[in-house]
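1. The amino acid sequence is not available; the structure is as follows:
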């Protein structure tokens, strides 16, 4: 039995797209104030990246920061491991009161065992894939997962100048959606990396259910957080309309073929 899980975490019960603001894009010297601002906006998730300086070159926060912050906010912690020693971090983080945790399968010899360590604590377990990582990583474990996170930039530094979303981002989301549908897995797809006002519509239309919000949308320097949230929601709604139109076209196509 899972505990403390986000509401509407399954795609079938999730008519809207969720935002998970990125912790490392906040003012790290004033985190309690910053998460209070997110709560005031009506947001309820926080995306927490845990990096070890090896899998990814950056090292923005440590475990004690996450442990202390957990006591300061009602936000649900959507945690993403980018580390080499998954078992150590999983055993630590699962005692903090987090709700979701994903890791990269290429960083461990025992993927299924790591999933079990997470799920045994009543926490949603996910697999994170770097941009070029194949969807075949999901073979044999798809039925053990609660979500899939797709990285759309290579691991690095938040807001690093010149780093752009990979050109095949929307295609990978669409192919992941098709893969999950084929395997009967009605679980959400989370996307992470340069999620911007311009890229959101196509990502949502392709099947993205959770957006990690960073410096290209919610924390864009050209607007206030409320202004950026309004623009983000507008982009999401555009994407949902495109998704619905695609679904309607496919339904009509299927009907026409059956009538022939």
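-> The structure has been received and is ready for your questions. A quick note: this is a predicted structure, and the numbers were derived from the prediction, not measured.

2. which stretches of this protein form helices?
-> For the chain, applying DSSP state H gives helices covering 31-40, 63-70, 86-93, 111-119, 169-182, 200-206, 225-259.

3. Residue 104: which of these is closest?
-> helix 86-93 (8.1 Å; CB to CB). For the C-beta atoms, the positions are set from N, CA and C on the backbone; glycine is no exception.

4. out of the helices of the chain, deepest packed?
-> helix 200-206 (a mean of 23; mean count of other CB atoms under 10 Å).

5. which residues touch that one?
-> Helix 200-206 is contacted from outside by 17, 152, 169-171, 173-174, 177, 191, 195, 211, 217, 232, 235-236, 238-240, 242-243, 246, using CB atoms under 8 Å, 6 or more residues apart in numbering.

6. Quick one: end-to-end length of stretch 186-204, please.
-> From its first residue to its last, stretch 186-204 covers 16 Å (CA to CA, to the nearest Å).

7. about what we covered before: is it possible to export the helices of the chain to TSV including mean pLDDT?
-> Shown next, in TSV, are the helices of the chain (pLDDT from 0 to 100):
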stretch	mean pLDDT
helix 31-40	98
helix 63-70	97
helix 86-93	97
helix 111-119	98
helix 169-182	98
helix 200-206	98
helix 225-259	82
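
8. Nearest approach to residue 129 belongs to which of the ones you listed?
-> Per CB to CB, nearest to residue 129 of the helices of the chain: helix 169-182, 8.1 Å.

9. which residues touch the closest one?
-> By CB under 8 Å, 6+ apart, helix 169-182 touches 131, 135, 138, 142, 148, 150, 152, 166, 186-187, 189, 191, 193, 199, 202-203, 205-208.

10. what residue is smack in the middle of the protein?
-> residue 190 (3.4 Å; CA atoms, centre = their mean).

11. In the sheet, which residues pair with it? Tell me.
-> Beta-bridge partners for residue 190, by DSSP bridges, are residue 149, residue 210.

12. From residue 90, how far out is it?
-> 18 Å (CB to CB, to the nearest Å).

13. Also residue 164?
-> In terms of CB to CB, residue 164 sits 31 Å off from residue 90.

14. circling back: please check the contacts of helix 169-182 and keep the buried ones.
-> 131, 135, 138, 142, 148, 150, 152, 166, 187, 189, 191, 193, 199, 202-203, 205-208 (16 or more other CB atoms under 10 Å).

15. which regions of the stretch 51-200 of the chain sit below the pLDDT cut-off?
-> For the stretch 51-200 of the chain, the stretches flagged by pLDDT under 70 are 156-162.

16. Apply 90 and report the result again.
-> 53-60, 155-164 (pLDDT under 90).
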